[in-house]
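> no sequence for this one, just the structure:
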């Protein structure tokens, strides 16, 4: 659509400052149905059926959260945030796309069957778009064959656990190497939860047998070496397998150093961290409600947080995901202070944007453009959704967020919009909230009001990954090189 063209479009977002990884520009965004059709100078477009005035605020591409857990099981029950309440909360936080997990809890089910079962939980419930990572739990050649078939069909990512052997979730090193090798040939990506299972299990058994079961003991069960050793091992295996590796929720300074070295050597590795590791410290475990902060890996020291921020600014870490797992206060408190009886995970999908804006942009640790990369563009690129998602370009899905940077709000769990009414960030003052969220051209949040429709979200089935680029990649692919990520 040319400048000044009189064709009436569905929606125009006017008078905003559009933020991209490359810069900030004063621009209006024209939307026709569910797509962006043009971006141009303020006032360049004619009339529209609907207008949203951004009033000089930042306009971002809708956020992409590639690591969430809705309706996650623990001891026979599920976390309170399901696919409806969880995606409503996401929308209030400016997130317009999530990627959840289809875990092979039933080892007799194929990965395709697990994906279908998980879709039955999500379809008709989600208010924003979503995709799924399969999570195999069987150490067998059949798993590698199934993963290869899914990658060829467009499901270009899966996740494995290097821990939770006693829960039946862990895959061994042979499987990790095999999956990295097999998917590396197809441009597929292997996400890894990297913690040393035998070491963590030994520590936990030793601590519990001596009566050390308080939340303050939990970080000692999983000290930094538990993560760092597994990260080192995963990086080494991936390098020799020619794999494309994604390390979830990095939490330690040692891990940042290890990833930086391998990226400098040209290995295909993407690192992710989460707001809890950037904004909280292990002192939370000393609080009366310390059990509520149990998550894996544990929240670390201030020094670790600073190393993570440094990694974000330098490009060592490329994604900030929420790792949202919404157990409510009652569920978290049932362990009565015993960390081994407490469900792991923290709610946080609604606050990812203001946490990163306040503690990152306002403290000059990262720019607002870098924030867009970390929360939107990079995860979309990594998981094969770009430029459909993670971009404001002609032809992109019309997913936008208008950012209010003026309001200083003290966080209250009771004010959250999901099913979980407590927050790890209770009382923290934040700025940079989503005042308006648009998904596929529809206003779903505006000025604190939810306008979305249950079930309006779409399943994103085709997520063709880009093959690894660089010295370790030895196999060509018709898809070409993956998008640049830092």
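The structure has been received and is ready for your questions. The structure presented is a predicted model; accordingly, all values stated were derived computationally and were not measured.

> Who does the longest strand belonging to the chain pair with, and is each partner parallel or antiparallel?
Scanning the chain for the longest strand, with DSSP state E as the assignment, gives strand 9-20. Paired neighbours of strand 9-20 in the sheet (DSSP bridges): strand 23-32 (antiparallel), strand 48-53 (parallel), strand 58-61 (parallel).

> ok, so what distance separates residue 273 from residue 375?
12 Å (C-beta to C-beta, to the nearest Å). Glycine gets a C-beta too; all of them are placed from N, C-alpha and C.

> Mind listing the shared neighbours of those two?
When contacts are counted by C-beta atoms under 8 Å, 6 or more residues apart in numbering, residue 273 and residue 375 have residue 320 as shared neighbours.

> For the longest strand of the chain, could you pull out the residues that count as buried?
Neighbour-count burial for strand 9-20, counted by 16 or more other C-beta atoms under 10 Å, picks out 9-20.

> isn't residue 39 right up against residue 392?
Yes - counting by C-beta atoms under 8 Å, residue 392 is a contact partner of residue 39 at 6.2 Å.

> Return every residue with contacts to both of these two.
In contact with both residue 39 and residue 392: 18, 29, using C-beta under 8 Å, 6+ apart.

> what is the mean pLDDT for stretch 439-447?
For stretch 439-447, mean pLDDT is 97.

> now it, how far from the centre of its chain.
Centre-to-centre, stretch 439-447 and its host chain are 21 Å apart (C-alpha atoms, centre = their mean, to the nearest Å).

> which residues are in contact with it?
10-11, 31-35, 50, 52, 62, 91-92, 96, 127-129, 397-399, 434-438, 450-452, 456-458.

> hmm, 6 Å instead?
The list of residues contacting stretch 439-447 from outside it, by C-beta atoms under 6 Å, 6 or more residues apart in numbering, reads 10-11, 31, 33-34, 91-92, 96, 128, 397-399, 436-437, 451-452.

> how about it: buried residues?
439-445.

> now swap in stretch 285-297 and tell me
285, 290-297.

> Then stretch 100-116?
Quick answer for stretch 100-116 (16+ other C-beta under 10 Å): 100-104, 110-111, 114-115.

> now that stretch: mean pLDDT?
97.

> Identify all contacting residues around it.
Against stretch 100-116 from outside (C-beta under 6 Å, 6+ apart): 68, 70, 118, 132-138, 146.

> Which secondary structure state does the closest residue to residue 82 other than its chain neighbours sit in?
Counting by C-beta to C-beta, 6 or more residues apart in numbering, residue 82 lies nearest to residue 71, which is 4.7 Å off, once chain neighbours are set aside. When classified by DSSP: H, G, I helix; E, B strand; the rest coil, residue 71 comes out as coil.

> domain ranges for this structure?
9-60+392-407+427-450, 62-382 (automatic domain parsing).

> Could you single out the most deeply buried of the ones you listed?
domain 62-382 (a mean of 21; mean count of other C-beta atoms under 10 Å).

> Let me know the closest of the buried residues of strand 9-20 to residue 79.
residue 19 (32.4 Å; C-beta to C-beta).

> what pairs with the closest one across the strands?
Applying DSSP bridges, one finds that residue 19 bridges with residue 24.

> Hmm, residue 370 and it touching each other?
No - contact criterion C-beta atoms under 6 Å: residue 19 and residue 370 do not qualify, at 10.1 Å.

> what's the average pLDDT for stretch 290-302?
pLDDT averaged over stretch 290-302 gives 97.

> Any idea how far apart the tips of that stretch sit?
17 Å (C-alpha to C-alpha, to the nearest Å).

> what's that stretch in contact with?
Looking at what lies outside stretch 290-302 - C-beta under 6 Å, 6+ apart - the contacts are 215, 218-219, 222, 227, 251, 276, 280-282, 284, 332, 335, 337, 339, 342, 344-346.

> Same check on stretch 30-38?
Counting by C-beta under 6 Å, 6+ apart, 1, 9-12, 45, 392, 394, 396, 398, 440-441 sit against stretch 30-38.

> let's go with 7 Å and repeat that
The contact list for stretch 30-38, computed with C-beta atoms under 7 Å, 6 or more residues apart in numbering, reads 1, 9-12, 29, 45, 392-398, 440-441.

> Show the end-to-end separation of it, please.
5 Å.

> What average pLDDT does that stretch get?
For stretch 30-38, the per-residue pLDDT averages 98.

> Check the secondary structure at residue 455 for me.
coil.

> Sticking with the closest residue in space to it that isn't next to it in sequence, tell me its helix or strand.
Excluding the flanking residues, the one nearest residue 455 by C-beta to C-beta, 6+ apart is residue 124, at 4.3 Å. Secondary structure assignment for residue 124, by DSSP states H and E: no helix or strand.

> Give me the distance between residue 124 and residue 52.
Taking C-beta to C-beta, one finds residue 124 at 28 Å from residue 52.

> Quick one: the strands in the stretch 351-486 of the chain, in order.
400-404, 409-410, 429-430, 433-439, 442-446, 449-450 (DSSP state E, counting those that start in this stretch).

> do you know which of these lies nearest residue 356?
strand 429-430 (9.8 Å).

> Just give me how far the host helix or strand of residue 121 sits from the chain centre.
Assigned by DSSP H and E, residue 121 belongs to helix 111-122. Put simply, helix 111-122 sits 20 Å off its chain's centre (C-alpha atoms, centre = their mean).

> Could you pull out the strands in the stretch 201-350 of the chain for me?
Using DSSP E, counting those that start in this stretch, strands in the stretch 201-350 of the chain cover 245-247, 269-273, 319-320, 324-325.

> quick one: which of the buried residues of strand 9-20 is nearest to residue 430?
Looking across the buried residues of strand 9-20 and measuring by C-beta to C-beta, the closest to residue 430 is residue 19, at 18.3 Å.

> how much space between the closest one and residue 129?
If you go by C-beta to C-beta, the gap between residue 19 and residue 129 works out to 21 Å.

> Residue 169 now?
For residue 169 relative to residue 129 (C-beta to C-beta), the value is 27 Å.

> Over to residue 196?
36 Å.

> Touching the top helix by length along the chain from outside, list them.
Criterion DSSP state H: the longest helix present in the chain is helix 224-241. Contacts with helix 224-241, where a contact means C-beta under 7 Å, 6+ apart, come from 162, 173, 176-177, 180-181, 184, 192, 194-196, 199-200, 245, 247, 251-252, 254-255, 258, 262, 267, 269, 297, 472.

> Could you rerun that using 6 Å?
With C-beta under 6 Å, 6+ apart, helix 224-241 has contacts from 162, 176-177, 180-181, 192, 194-196, 199-200, 245, 252, 254-255, 258, 262, 267, 297.
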